[in-house]
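Asker: Structure for the following, please:
(chains A and B)
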2 protein chains.
Amino acid sequence: MAQTRADRRLSKKDYESRAALLREQLVQLQVRLKDAPFKILLIVAGVEGAGCGDLLNTLGGWLDPRGVETFSFRAPSDEERERPFLWRFWRSLPANGRIGVYAGSWYTETLRDEINAGFPGSRLAPEFERIRHFEKLHADDGTLIIKIWLHLSKAAQGKHLRALEADPNTAWRVSPEHWLHHRHYEQLTRLANRIIRATHRPHATWSVLEAEDNRARNLSVAELILARFKAHVRKFDKPRKNSASASAIARRPLRVSGLKRLEALPLDQQLSASEYETKREKWLGKLNQAIRAASASKRSVIFAFEGWDAAGKGGAIRRLTSAIDVRDYRVIPVAKPTQEEKAHHYLWRFWRHIPRAGLVEIFDRSWYGRVLVERLEGFARADEWKRAYQEINDFERQLSDYGIIVVKFWLHVSRDEQLRRFRAREQTPYKRHKINDEDWRNRRKWDAYEVAVGDMIALTDTVAAPWHLIPANNKRYARLQILKTACKQIESALAP
Amino acid sequence: MAQTRADRRLSKKDYESRAALLREQLVQLQVRLKDAPFKILLIVAGVEGAGCGDLLNTLGGWLDPRGVETFSFRAPSDEERERPFLWRFWRSLPANGRIGVYAGSWYTETLRDEINAGFPGSRLAPEFERIRHFEKLHADDGTLIIKIWLHLSKAAQGKHLRALEADPNTAWRVSPEHWLHHRHYEQLTRLANRIIRATHRPHATWSVLEAEDNRARNLSVAELILARFKAHVRKFDKPRKNSASASAIARRPLRVSGLKRLEALPLDQQLSASEYETKREKWLGKLNQAIRAASASKRSVIFAFEGWDAAGKGGAIRRLTSAIDVRDYRVIPVAKPTQEEKAHHYLWRFWRHIPRAGLVEIFDRSWYGRVLVERLEGFARADEWKRAYQEINDFERQLSDYGIIVVKFWLHVSRDEQLRRFRAREQTPYKRHKINDEDWRNRRKWDAYEVAVGDMIALTDTVAAPWHLIPANNKRYARLQILKTACKQIESALAP
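Answerer: Okay, here's the model as predicted:
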């Protein structure tokens, strides 16, 4: 990692003239960043007394505050504890065009936990894995991640703390915690080095800066930001457009097994209305019990409903929710991303919706849009949608590791059945709004969509979150099947 | 309140043909609503067994889900308990053009609290006041509030519960809580009637609907929504534009006392650099202590900084924050509202930022924009900005009642001093971005702004949240004054 040894003593006059120049460049950076398709995350961590607070205050004066958000984190609230570890950081992320300054971050949390636990270091490996994954995900999305570690020797730290204490006007700046950290300097430094080594990656490098002289430190940080931004923009400006063959690539399967599974699915089942009604009430009862059992052990259930247009997702969801207390579930219809959502990673809007412990969340369409509509309509480049399978598996894995039960349905109808339903919708006044030109256009791309669905099933059918393919030409059969399958997955997840 | 006695028995065929017509109209309503400058809040409450869940499920099928959000509330989380009562409802509100369906709401919370406390009814009066205020605020903002109480006689409730229990397939739908409510039917009904009477207001009427027959109930609700929407649009279409004289009205003072107070403020104090530095450290220390004491007793501090352009708000804020641990404060720069913020009540974005208990939040400009720039630039109509003084006082009162310490500063500079600073900014490369045509335009409207500032000071200087006028021609003096004043207000708020 880059280690900068800043020139120790810097006169006030020199500092001010160099600062003036850097400030101008920082403001210009912000003007350029504003319309850029990425954000900057500036993570500042370091030794007590290295002046993290003072540095942030200075940067706050240099940058235009309208484009900056500053974050720090205290002990997690219950809303945060009731979600996977990274949730609180996901919800803090600034939009593209902005700078997020992290005085506290996923690193300080990790450090604090270790200190509180007396530095066993045993829980660090999975933590590092999660952090690397998180930073890679955002770097891949274009985010510029700048990580700064402010370094101070033990001697300099001691000298600094003693000087503050000696002056009655500044003595309040030193707390017992500072001295505690000073006494554990070596242990803390070893731990910090371990964290830095484990999370120093090409897309998210650490810069260790000497922090003994405040002025030199401030200038070094500003210079680093400017240099990293310049390099990032250069990399970013390289054409990463979809090639002419992108659309052909999108239509070619990555794995044929999924498509075969789909084609082999029998679609035309029979179920009488009276038989359906009896069985439905029975399975609603069972599902109600299963969900209450999940809730009692603080396990949330997240449903993802995917399927062909007019496959009956909405109707199936309403049957499902009739088994759940109205206070215990939420349905999230997923449409085109809003302007705000577009300025974030595509998973951001789903992270935001992760429910508190013990609740049910139902997505009517989901994050799988990335590998379906975005893949086929060219909203995502080939490298983006190809990467997404792994990103989605990781996302669902995080949910599942946390104890959330992820239930995924693909509602499958035949081409003919879809046509019949489209026509029926057009002829029913109150259903006409459900069908538009886009639906007809998508229908004409059936084969391409089928390939994408096949890949999705083949590449994201995991132990943590398996796919359930639901034959849906017969609505009653499909609804019952969904109730049964949901019930069984939840029950088996709760089984000891 | 409107009491509708729905026709009891409705054949399935009749129901379906009437429903078809209503569904079409509901979808048309949503199309019109989408671009309307208001939202709909549909509050559904009522007796157990009246079918709130079933009604919401039916409406969910009838409405286009992309324009609807459904809410219900469980026991508040710690993040919610650490904010004033209405915070969780503010943060749930949908944007203009959308429908928010409240299965749980500010009413169910009130009811639940009362039931848990054994119906003393003693705490209801202030609760009612808050609810009335909340609904009036949003109704004044154009929101259509539809409140439905589903009624069921005790006999019908008992019959319904027994029928469900008799069928082994549906017995799970009845819980011990249902029977508890059945036994307390009379008490609950008396309480409900009290709530309904106390919160039935012209801008937020209750409709009590007979819920014995599911089908008739569903149709009544749909008809009610359609009728209320129609009436609301008619009222809304009346011209409410600013009259030609609006700009003249905006420039005329409502109260001259504020302007006089402003004019009487001496501006040119002296303070040497060395004296400033010693005193600054002393007062930073005191402020640090005061804020830590507030934090220890879970009292948050909210600062609102207002002042002339170039009066030194940013610099003063950075001096202030240098006394606070970086994890304990956040600075919120308030610029023009975003698209999302514009689709909400003007106080919405400030409610969202209310900190958790024991933290410090600093607004660089604030909700007072409503009675300053919005008043003078015509972004708010005369009735809107005139109403805002009371709305703001109520808002700050809610914060203060909850224990939050609200510290407000007006940084006052002379016209000449502002000119000097504008010119200096133009000549300093890294400050040039801080000054633009708009600043010069605002400067030319100095007199009008002074009138608005005077009114603001006269009309929103309350015991709960007093104004501090800070002479700011001398930056050092102003910064010290701010530290001292903040310190004193926090200390006196904490004094037993």
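Asker: What residues does the stretch 1-150 of chain A have near chain B?
Answerer: A:20-21, A:23-24, A:26-27, A:31, A:52-54, A:56-57, A:60-62, A:64-66, A:70, A:72-74, A:77-79, A:103-104 (Cβ under 8 Å from any Cβ of the partner chain). C-beta coordinates here come from the backbone N, C-alpha and C atoms, glycine included.
Asker: With the stretch 351-496 of chain A instead?
Answerer: A:356, A:364, A:428-430, A:433-434.
Asker: Tell me the one of these nearest chain B?
Answerer: Set against chain B, the nearest of these by Cβ to the nearest Cβ is A:Y430 (3.5 Å).
Asker: That closest one touches B:R18, doesn't it?
Answerer: No - A:Y430 is beyond contact range of B:R18, at 11.6 Å (criterion: Cβ atoms under 8 Å).
Asker: Now do stretch A:30-44: distance from first to last residue.
Answerer: 19 Å (Cα to Cα, to the nearest Å).
Asker: list the buried ones in that stretch?
Answerer: For stretch A:30-44, burial by neighbour count (16 or more other Cβ atoms under 10 Å in any protein chain shown) applies to A:30, A:33, A:36, A:38-44.
Asker: now, which of these lie within helices?
Answerer: The helices, defined by DSSP state H, take in A:30, A:33 from the buried residues of stretch A:30-44.
Asker: Now, the buried residues of stretch A:30-44 that are in strands?
Answerer: Secondary structure defined by DSSP state E assigns A:40-44 of the buried residues of stretch A:30-44 to strands.
Asker: could you measure A:M456 against B:R423, distance?
Answerer: From A:M456 over to B:R423 the distance is 62 Å, taken as Cβ to Cβ, to the nearest Å.
Asker: higher neighbour count, these two?
Answerer: A:M456 (26 against 11; other Cβ atoms under 10 Å in any protein chain shown).
Asker: which residues does the residue nearest to the more buried one when sequence neighbours are not counted contact?
Answerer: Spatial nearest neighbour of A:M456, excluding adjacent residues (Cβ to Cβ, 6 or more residues apart in numbering or on different chains): A:V371 at 5.2 Å. Contacts of A:V371 were listed using Cβ atoms under 8 Å, 6 or more residues apart in numbering or on different chains, and they are A:385, A:388-389, A:392, A:452, A:455-456, A:460.
Asker: Considering the residues of the stretch 351-496 of chain A next to chain B, which possesses the most neighbours?
Answerer: Using other Cβ under 10 Å as the neighbour test, those are led by A:D364, with 20 neighbours.
Asker: Can you report phi and psi for that one?
Answerer: phi -90, psi 100 (degrees, to the nearest 10).
Asker: Skipping adjacent residues, who's closest to it in space?
Answerer: In space, A:D364 is closest to A:P333, 4.5 Å off (Cβ to Cβ, 6+ apart).
Asker: I'd say that neighbour and A:H353 touch.
Answerer: No - using Cβ under 8 Å, A:P333 is not in contact with A:H353; the gap is 11.3 Å.
Asker: before we move on, the earlier item: identify the farthest-apart pair in the contacts of A:V371.
Answerer: Spatially, the most separated pair among the contacts of A:V371 is A:I392 and A:A452, at 13.3 Å (Cβ to Cβ).
Asker: doesn't A:R83 fall inside a strand?
Answerer: No - counting by DSSP: H, G, I helix; E, B strand; the rest coil, A:R83 is not part of a strand but coil.
Asker: Let me see the contact set for it.
Answerer: Contacts of A:R83 were listed using Cβ under 8 Å, 6+ apart, and they are A:354, A:356-357, A:402.
Asker: Does whichever residue of the stretch 101-250 of chain A sits closest to chain B belong to a helix, a strand or coil?
Answerer: For the stretch 101-250 of chain A and chain B, the shortest gap (Cβ to the nearest Cβ) falls at A:N169, measuring 3.8 Å. Assigned with three-state DSSP, A:N169 falls in the coil class.
Asker: And for it, the neighbour number?
Answerer: A:N169: 16 neighbours (other Cβ under 10 Å).
Asker: Which pLDDT does the model give it?
Answerer: For A:N169, the pLDDT comes out at 85.
Asker: Kindly report the same for A:I490.
Answerer: Predicted confidence (pLDDT) for A:I490: 98.
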